[in-house]
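Novice: Quick one: sequence and predicted model below, then my questions.
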Amino acid sequence: MATKARTRAKQVDAQGGDPAGTLRDYYEQMSLVRAFELRSGEMYARAKIGGYCHLNLGEEATVVGLMAAIEARDYLFTGYRDHGYALLRGLSPERVMAELFGKTTGVSGGRGGSMHLFDAETRLFGGYGIVGGQIPPATGAALALKYQESAGPDAAAVMCLLGDGTTNIGAFHESLNLAGLWKLPIVYVIVNNGLGMGTTVEKASAEPELYKRAASYRMPGLRVDGDDVLAVRDAARDALQQARESRQPVLLEVMCYRLRGHSVVDPARYRSPEDTTIAQQSDPVPSFRAELIASGVLSEADATAIDEAADARVTEAVTFAEESPEPDPDDLFAYVYATAVANAPSALPGEPVMDAL
Amino acid sequence: MNTDTDNTEAVTTRTITYRQALNETLRAELEHDEKVFLIGEEIGVFEGSYKITAGLLEDFGPDRVLDAPIAEEGFVGAALGAAMLGMRPVVEIMTINFSLIAIDQIVNHAAKMRSMFAGQVSIPLVIRMPGGGGQQLAATHSQNLEVWYAHIPGLKVVAPSTPADAKALLTAAIRDDDPVIFLENLSLYSAKGEVPDGEQIAEIGKAAVVKTGIDLTIVSYSRGTTTALEVANQLEAEGLSIEVVDLRSLRPLDRDTICASVKKTGHAVVFEDDWLSYGIGAEISATIGEGVFDFLDAPVRRVAAAEVPLPYAKSLERAALPSAADLARVVREVLNLAPATATSNDK
Amino acid sequence: MPDVIMPRLSDTMEEGELSRWMKQVGDEIHKGDVLAEIETDKATMDLEAFDNGILEQLLVAAGALVPIGAPVARIGDGSNIVADGAAPAAPTTAPTTAPTDAPTAVAPAPATAAPTSPARPTGELRTSPLARKIGREHGLDLHTIVGTGPQGRITRTDVDAAIAKQETAVTTAASAPVSAPLAVIPQPATTSTGSTDSVAVPVSRIRAVTARRLTESQAVPHFFLTSVVDVERLIAFRADANASLAALGIKVSLNDLFVRASAVALRAHPEVNASWGDGVILRHSHVNVGVAVATDDGLLVPVVTDADQKSLGAIATETRALAGLARTGGLSLAQMSGGTFTISNLGMFGIDSFTAVLNPPEAGILAIGAASDVPAVRDGVLVTVPTVKITLTVDHRVLDGAVAAAFLRDLTTLLEEPLRIVL
């Protein structure tokens, strides 16, 4: 069932199959994610962003490839390394950056932050901060789709992203079992960057070829090169097609590298120099850029212009975020319950829970 | 409570069990809204471990009554995901003890989503689960963990004590757009009571004064309320006038009703099946202290379970669980009355 | 604020000499502190404080002879300090320096002590929050109340009893005729003044509830109507009835006849068989007559339900059973609930007449005195006639004088023509 990882050579071949405009778009997207994430790291260092902050640096080809495959009608669930997916799902850099800044103009009004980006309109259904937390709800979303519509080329499906470390948590097993059992329209994508925080896949998983776990659920499992944007896109598109047309869940493993630490505050000193070197050599942004220049899709000037435009776009986002208002403490309880309920708590710290009778 | 008509005379009642009330309500809601579906272990072919879902698979089919494998985190989370897309799942967790396997989905996700995503998504999810000990199920199967959920903002936690409330609160829970923990109790399933026919929707967040009195208030919920009523009636024969407040909703907590009652009686005892420390009674005691301090004539007392993993042996189980005799004794102590001599200790 | 009195310190003592003050005006006083030395006819004894507070005034100078019970000093909260010239000169034994010494010795103390040390007199008082609140509302000094709760805590029961006692003390003092509030007989043994010759008697729950309810009833505007009933025929009727019922083992009391007569009259006067219901008058469909029964624990009022529907024999049997249960503590709440009218009979104690306190929410209660012979002229002959004085207490919110009077007139007629009671 599993396919072998594609080689980087095929990516170059694929240029023949895709219009130059599409390839240029992909580079623009990769460049935007790169610029956004670098700036996020900077803003974190400047203390504009708080909490945890996990970046997609080094995973840009994976991000762009997966988001190229998913349709607007599909639902996307991700882990906490979610900025790039939110941007490419169609959320403006302003709203995403404002969320990281904890401002009212953020995607969730500053209530979720970096790990919990959510946008109902673009069907980005989170942003989950707990490892594996997204897998059961994503599976349930697929269950709902099965109730709500028939299978077919126009049907919606669910894409559930997770990291390599996440495959070891119980929710992964329980959910994939349910999906396989109930034939749910969902594609589980393991974004395997080789490290769960500082623990390698080999040290965490008895079967480090993670896609093979699909066999337990009678589900197709395949592995693809995450530095190859087209390969990722095509594999994900195939998987989604099986999900929407045949209600066949799929497990897709995307091999990529994390360019930096687990989060912005992690210097990743645990990585060997060799591993760091490989990660840097595999960095998909400069390599895709070079390939597009070499193949004549872009000139050096075009590429530079794209990079500068991305940077300018992110600068606008930062300015917007900085200038946006902070949430008003009066709105603290605004969204706790959807259905108004008697006696809902509303006391601030130190306030009496009720007036003395 | 009765929403479908102003003509209250038209409401007829029947005496049915708590179990039957739940079963009929699930059936009515499956009929009322096609977005409602049931999911849980053994709820279909087996008709539920406690037969709450008897006959529903047959009448509504496997899509509406979905047997799940033993995977609480998976199917509770799946129900949550379905709710995010507008379905109205009603989950059965076989007992509250097993909910701990799903607690990440309930506490870290279901309870948080609406608030964390600024109202962009609602979670119309009901999770039914029975708690309670006393059936010699030993430590792992006899817990009262509702306080764990009652602690969590974003959840609503209801605990009906009668068949009528089981119906009206379950209907309300299923039609509510927020995650509702619906607490049942093994020893209530066969309890009988009058249940009004027709659609009944309770207001979540409201307690009920189920018996009025002037000398002392017993606050309880779920099975504890039935014990409280039993004790109140027994003491009434001795000339004491006991008020019983049935919480019905553990989150939100109806502090006003509790305090209004204690303001009148000046004495309060909380009767709870859970462990004493950090329990429901602790919250209620603090509430009373804050709300009606000037009206207290004695310290608030709590009658709760002994703080020990519940043993299997009957004698030990009896010793650990709070009984009617314990409650009656503490009521007398709070009222500064001599211990009863005639009544035998029923432990 | 309580006065410190000359205590009785020996069996033969009639007065004592306050030989030496051990405390000065302005001193903070705790219970048990020795205030002074007293020389009795037998020995020198300590005068101990029974209250916490500030010694505000010395009423006698050292050396004075003071009769038992007379005040010698005053302890308060420190707000009424009288240090200057208050202590009269000792009449005999200490003529030297007492008047001039006292002010100079004590004056500075309160001036400096008062602002810096609050000296709360509530120091060791153990009381429930509710008791404190009620105490504040009624201006009670909780120090004067003996707590009967756990560890001597003053609870609502205690303050309610103190309030009830205050009020009954006022009414008994004010009204000339015998005015016995419904079976709540003031307990002379209980005192709250802190004097040594009093004993605190813990009250039963029943008594506490009774106290509370009767206190509530004092807020009801009420009036009294008294009628003198010629009971000659009633007594004869009772004898006849008992003769004919003897075979059945039934014995009818005069009280049973009053219950039956009242029930019949109430049926004819539904406006009396009523109660005040927060803005409306509730007329009751059933005639349920309560009968006050004194028990060791306090007053209980078992109820004869549907007394107008029951035969005299049935009433007699039932009342006897209920009274028995009341005395043995076996009454259920149901047997004490639902009354629409109450009868209280102190005739057996030889009470001529009395007024009873309403039993809320009932609109009326009938107080029955003892039968007594009064002179009367019949067929030109001076004879004695047995009579009973009955007094109706009426809730004026429910009934006016004329309506109540009509009821009482009819009831009197029924009692005087007892055949009508059973017809």
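Specialist: Great, that's in hand.
Novice: tell me the pLDDT at B:Thr162?
Specialist: On pLDDT, B:Thr162 comes in at 98.
Novice: Now do A:Pro286: how many residues are near it, please.
Specialist: Around A:Pro286 sit 13 other residues, with neighbours defined as other CB atoms under 10 Å in any protein chain shown. Glycine gets a C-beta too; all of them are placed from N, C-alpha and C.
Novice: Can you name the helix or strand that it falls in?
Specialist: helix A:284-294 (DSSP states H and E).
Novice: what's that helix packed up against?
Specialist: Packed against helix A:284-294 by the contact rule (3 or more CB pairs under 8 Å, 6 or more residues apart in numbering or on different chains; DSSP states H and E) you find helix A:20-45, helix A:60-69, helix A:300-323.
Novice: Report the mean confidence score over it.
Specialist: 96.
Novice: Give me the contacts around that helix.
Specialist: Here helix A:284-294 makes contact (CB atoms under 8 Å, 6 or more residues apart in numbering or on different chains) with A:11-12, A:15, A:23-24, A:26-27, A:30-31, A:34, A:58, A:60-62, A:226-229, A:256, A:298-300, A:303.
Novice: Give the buried residues for it.
Specialist: Of all the residues in helix A:284-294, those buried under the rule 16 or more other CB atoms under 10 Å in any protein chain shown are A:Pro284, A:Val285, A:Ser287, A:Phe288, A:Arg289, A:Glu291, A:Leu292, A:Ile293.
Novice: give me the residue from the stretch 101-250 of chain A nearest chain B.
Specialist: A:Pro136 (2.0 Å; CB to the nearest CB).
Novice: Whichever of the contacts of helix A:284-294 count as buried, I'd like them selected in PyMOL; how would that read?
Specialist: Buried subset of the contacts of helix A:284-294, written as a PyMOL selection, criterion 16+ other CB under 10 Å:
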select buried, chain A and resi 11+15+23+24+26+27+30+31+34+58+60+61+62+226+227+228+229+256+298+303
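Novice: Can you show me the helices along the chain?
Specialist: No chain in the question, so chain A it is. Per DSSP state H, chain A carries helices over the ranges A:8-13, A:20-45, A:60-69, A:83-88, A:93-100, A:135-148, A:170-182, A:201-204, A:229-246, A:273-282, A:284-294, A:300-323.
Novice: try again with chain C
Specialist: C:98-106, C:108-116, C:129-138, C:156-174, C:205-217, C:232-245, C:254-268, C:312-328, C:401-416, C:419-422.
Novice: ok, now the stretch 151-300 of chain B?
Specialist: B:163-175, B:223-236, B:255-265, B:280-292 (DSSP state H, counting those that start in this stretch).
Novice: picking that back up, same list, the helices and strands packed on helix A:284-294, but as TSV with distance to chain C please.
Specialist: Formatted as TSV, the helices and strands packed on helix A:284-294 follow (distance: least, CB to the nearest CB, whole Å):
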stretch	distance to chain C
helix A:20-45	53
helix A:60-69	64
helix A:300-323	53
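Novice: highest average neighbour count across these?
Specialist: Compared across the helices and strands packed on helix A:284-294, helix A:60-69 shows the largest average neighbour count, a mean of 28 (mean count of other CB atoms under 10 Å in any protein chain shown).
Novice: Quick one: mean pLDDT for that one?
Specialist: 98.
Novice: That one to helix A:229-246, inter-axis angle?
Specialist: 30 degrees (axes from the mean of the first three to the mean of the last three CA atoms, to 10 degrees).
Novice: contacts for helix A:60-69?
Specialist: Outside helix A:60-69, the residues touching it (CB under 8 Å, 6+ apart) are A:26, A:29-30, A:33-34, A:56, A:84-85, A:88-89, A:159, A:161, A:189, A:191, A:226-237, A:240, A:254, A:256, A:284-285, A:288.
Novice: No more questions from me, cheers.
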